[in-house]
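Novice: model this:
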Amino acid sequence: MRVTAFLDIPGQDNLPPLTRLEKYAFSENIFNRQIIARGLLDVLRDFSNNEEDFLTVMEIVVRLAEDAEPTVRTELMEQIPPIAVFLQENRSNFPVVLSEYLTPIVVRYLTDPNNQVRKSSQEVLLILLEQDLISQHDIENKVCPILLALSAPDSDDEYKAEAVNIICKLASMLSKSTVESLLLPRFCELCGDGKFFQVRKVCATNFGDICHAVGQEATEKFLIPKFFELCSDNVWGMRKACAECFLAVSYSASPEVRRAQLSPLFIKLISDPCRWVRQAAFQSLGPFISTFANPSRAGLYIREDGTLSIRPPAQDLDSALASGSPSAGSCGNTSSACSTKLVHTELDLPTEGASTGTSDLLHSSSSSGGLMANSVEESALTGAESARLSPEAGASLKLPDGDNLPIHCHPGPGYCTCPESPEDVFSNFLYWRTPLPDISKDLELFLSEAGPQEKGCSRPETMHHSCVARSEIQKVLDSLQEHLMNDPDVQAQVQVLSAALRAAQLDSVNEPEHQPMEGRHEGSVSDPSPASDNQTALSASSSQKELSEPRILQSTDPGKPCDGAVDQLEMEQRHLPAPLEESKSKLQDIIPQPLLDQYVSMTDPARAQTVDIDIAKHCAYSLPGVALTLGRQNWHCLRDTYETLASDVQWKVRRTLAFSIHELAVILGDQLTAADLVPVFNGFLKDLDEVRIGILKHLYDFLKLLHEDKRREYLYQLQEFVVTDNSRNWRFRYELAEQLILILELYNPNDVYDYLMHIALKLCADKVSEVRWISFKLVVAILQKFYSHSERALGLNFISELIVRFRHCAKWVGRQAFAFICQAVVNEECIPVDQFVEHLLPSLLSLASDPVPNVRVLLAKALRQTLLEKAYLRNAGNPHLQVVEETVLALQSDRDPDVSFFATLEPKRRSTADRPVLAERN
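Specialist: Residues are numbered from 1 along each chain as shown. From the prediction side, this is the model:
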């Protein structure tokens, strides 16, 4: 019944409909006016056939909008959206009604003194904008002016906060040029509003949407400075809102601004004195790091469908070297012809292969075309990786194409280097070190002939002047070592002091290079003062923080390294402090190092106490995105963090990792997956059900990434998923059956028969019907696997097992399951028809005498709706047709009405009587 049905009562006060409508619309009774406002849509539909009457009604609506009662105005405003939709549907008849009558009402109500009316108008305006019911002309000339007036500096603070909220939401619905010309100046002005902090809070909350609306250029020119101001606001809620929207702002900035400006700003928010700001910043840290992703360096791309795409595999090492070692004379032609090809093991970086003495830095010699593996010049980017490589896979090391992230070498007389951009060619070793001599060939010889320490070479006289200062620094470092593990501030101090010590070492190394060899020995012999001890401390401390791992080994003569220095360095490297040695393995240049350091620190138990108890969960949630950003060549930076998270005491942290381990495996590739993810995967298999479900939901996705030999190791462990902590958790077993259907393609028929078939049979006997129904599909898929691979013997054995377990089952549920399996086998045509009629059909027809009606019902469905529809049995000369028809006739006369109904039901009538049941089962 319509709300305004009372207007249709004939003979009521003998007034025409329009007059009667006007009478009640302006009645002194508030209830009458509310009823008219609430039923306006019905009234407009009644008068839509006559344009003149329709416009008269709209005039009444305009007058009603000026009602003094707020409840009437609120009722009217709530009816605007459906009326606007009605007018949009009849746009040809009433093209300007919405623009001339309704839009002004909505805009005027934005300044209504009543708070409820004002809130209603704001909601209606956003609805109309989202549904694109207001034209761009009206937005620019009617909506925007009133919003700008409400957000003016001299406007009321409450109106101003509401207006800026609408402006922020309106920005995403307007064109870029409109936002820049009309809204952006006012937004920047409101960001610095000092009177009412709620205005700044709204600006900070919606800052990312504005950046996205105006684009990169306007963001960097106008918005980034305002963002810096908001991040330094005295109100912690402002800084927290900035931390929450940092991701959106970063997406709208260029890589240069992101690295140079936003990164230090984010570090400032992470170290904010307010705990809630730090909490929001750490939650946004992983997403913010993901904005540094560069597919050309990480080697990983995201397709339009959301899946990861890996850069095409590189050539083998031999072929790459064969094609990349032209003569020295061809070096000057093009960069592609350079004999020194700058490459990085990006995509095919092995996790086991090559010993620790093997260098990842390969030089192509122009004269001999050979390789020099210079272990002294090993890069920090792969230094930690080479320490974990095993000799077995060393021969499988492959080099990617030349446009990957390079590891640089020092050009000699026979080399030429390829031109790179300044960012690509940066190398700490290249810029902070003079070229070191190649001593790798004779290193073992020198180690074997090394004599006592007093026979070794000492430092030259010119270094004695700086020894005292270095010694003092070293003493401070030694005093801080015992506090290194517990205090992050101490760690920062150690890093600063180590950098100062390293700078002093660089000066001392560069000074004496042009002195005669004899003079150096004389200086060391004539002054055996504490310089030697100081140099020992110098070498150790410099080795601790060197970006390109321990490379202090510096001979006094490029052609004749000093035996004592070799022994001394070897001893010092064995006593490196563990924290500083670990910090070297976390160096990379994809993202700013402080961001990565802060991300890695999220696993620190102290963070849970000072920041957020769930900080480890946030770290685990964003770890795949961070790994994708860094690329597999920098996985060593996250390896320890991942292992820490995988052993976290909170199951929700491990659950988060379990749900994403398959994505991480795609990012890392098969070798790193086998080395680092498989052990974690094995641990999750024995974890709580809340963790195991994450593994189970993507079991197929993970197993398909493993090598065949590694994959076979999990065949026996798959049956462990059948057992759950809570037997009522039937969805766990349901998920297992679904995954096994997919996993079948990963194993050969023999493995399926030996392992997976028994799991399927156990699931078919589950107590929960939903698990049994999906398991029947698994059985059919197994049969299809056997016969598609011409394993007839395995198929017959499986059929015999089905007959024994289900056809002759003591429980009627098992016999019913057999009927359904036979129906599914016929539907899917997974086995040859002659095999079916020979081995399954006799046992199926024998169910006609089953004492349980439910079994006979399913038999009737299988015969009438599936088997008799096959062309093989429709052939009049088929010897099995008569037996099937006799069984169907017997079922049609069954004493149970349901059995006789389904045995008589024509297949074409299935759509009305049995479609829901079949849709659920099939």
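Novice: list the contacts for residue 755?
Specialist: 715-716, 718-719, 747 (C-beta atoms under 8 Å, 6 or more residues apart in numbering). Glycine gets a C-beta too; all of them are placed from N, C-alpha and C.
Novice: So which of these are in strands?
Specialist: Taking DSSP state E, every one of the contacts of residue 755 sits outside strands.
Novice: of all those, which two lie farthest apart?
Specialist: 719 and 747 (13.8 Å; C-beta to C-beta).
Novice: Now, of the contacts of residue 755, which are buried?
Specialist: 715, 718, 747 (16 or more other C-beta atoms under 10 Å).
Novice: of all those residues, which comes closest to residue 48?
Specialist: Nearest to residue 48 among the buried ones among the contacts of residue 755, with distances taken as C-beta to C-beta, is residue 718, at 66.0 Å.
Novice: Residue 756 is in contact with the closest one, correct?
Specialist: Yes. Contact criterion C-beta atoms under 8 Å: residue 718 and residue 756 qualify, at 7.0 Å.
Novice: ok, the nearest residue to residue 211 once chain neighbours are set aside - how many residues close by?
Specialist: Nearest non-adjacent residue to residue 211, counting by C-beta to C-beta, 6 or more residues apart in numbering: residue 252, 3.8 Å away. Applying other C-beta atoms under 10 Å, we find 25 residues neighbouring residue 252.
Novice: Please report how far residue 252 lies from residue 245.
Specialist: Using C-beta to C-beta, to the nearest Å, residue 252 is found at 11 Å from residue 245.
Novice: between these two, what contacts are shared?
Specialist: Common neighbours of residue 252 and residue 245 (C-beta under 8 Å, 6+ apart) are residue 208.
Novice: residue ranges with poor pLDDT in the chain?
Specialist: Counting by pLDDT under 70, the ranges of the chain that qualify are 1-15, 299-470, 472, 475-476, 479-497, 499-586, 871-878, 907-922.
Novice: Flag every buried residue along stretch 108-128.
Specialist: 109-112, 117-118, 120-122, 124-125, 128.
Novice: For residue 36, give me its contacts.
Specialist: So residue 36 contacts 4, 21, 24-25, 43, 64 (C-beta under 8 Å, 6+ apart).
Novice: Buried residues of stretch 706-714, list them for me.
Specialist: 706, 711-712, 714.
Novice: Turn those residues into a markdown table, including secondary structure and distance to residue 618.
Specialist: Supplementary listing: these in a markdown table, determined by DSSP: H, G, I helix; E, B strand; the rest coil; distance: C-beta to C-beta, whole Å:
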| residue | secondary structure | distance to residue 618 |
| --- | --- | --- |
| 706 | coil | 29 |
| 711 | helix | 32 |
| 712 | helix | 36 |
| 714 | coil | 30 |
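Novice: check which helix or strand covers residue 843.
Specialist: Using DSSP states H and E, residue 843 maps to helix 841-845.
Novice: likewise residue 242?
Specialist: helix 236-244.
Novice: Which secondary structure elements does that helix sit against?
Specialist: Applying 3 or more C-beta pairs under 8 Å, 6 or more residues apart in numbering; DSSP states H and E, we find helix 236-244 packed against helix 197-205, helix 224-231, helix 263-270, helix 275-290.
Novice: Output the contacting helices and strands for the second one.
Specialist: Under the contact criterion of 3+ C-beta pairs under 8 Å, 6+ apart, the helices and strands touching helix 224-231 comprise helix 184-191, helix 197-205, helix 236-244, helix 263-270.
Novice: Sort out which residues of the last one are buried, please.
Specialist: In this case it means helix 263-270. 263, 265-267, 269-270.
Novice: Which residues does that helix contact?
Specialist: Contacts for helix 263-270 (C-beta under 8 Å, 6+ apart): 227-228, 231, 239, 242-243, 246, 277-278, 280-282, 284-285, 288, 591-592, 594-595, 598.
Novice: likewise the second one?
Specialist: By C-beta under 8 Å, 6+ apart, the surrounding residues in contact with helix 197-205 are 157, 160-161, 164-165, 168, 187, 190-193, 226, 230, 233, 235, 237-238, 241-242, 244-245.
Novice: if you set the cut-off to 7 Å instead, what comes out?
Specialist: 160-161, 164-165, 168, 187, 190-191, 193, 230, 233, 235, 237-238, 241-242, 245 (C-beta atoms under 7 Å, 6 or more residues apart in numbering).
Novice: Could you pull out the buried residues of whichever helix or strand comes after that helix?
Specialist: Downstream of helix 197-205, the next assigned helix or strand under DSSP H and E is helix 207-218. Across helix 207-218, burial judged by 16+ other C-beta under 10 Å covers 207-214, 218.
Novice: CSV for those, including distance to residue 791?
Specialist: As requested, those are exported to CSV (distance: C-beta to C-beta, whole Å):
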residue, distance to residue 791
207, 63
208, 58
209, 59
210, 64
211, 61
212, 57
213, 61
214, 64
218, 66
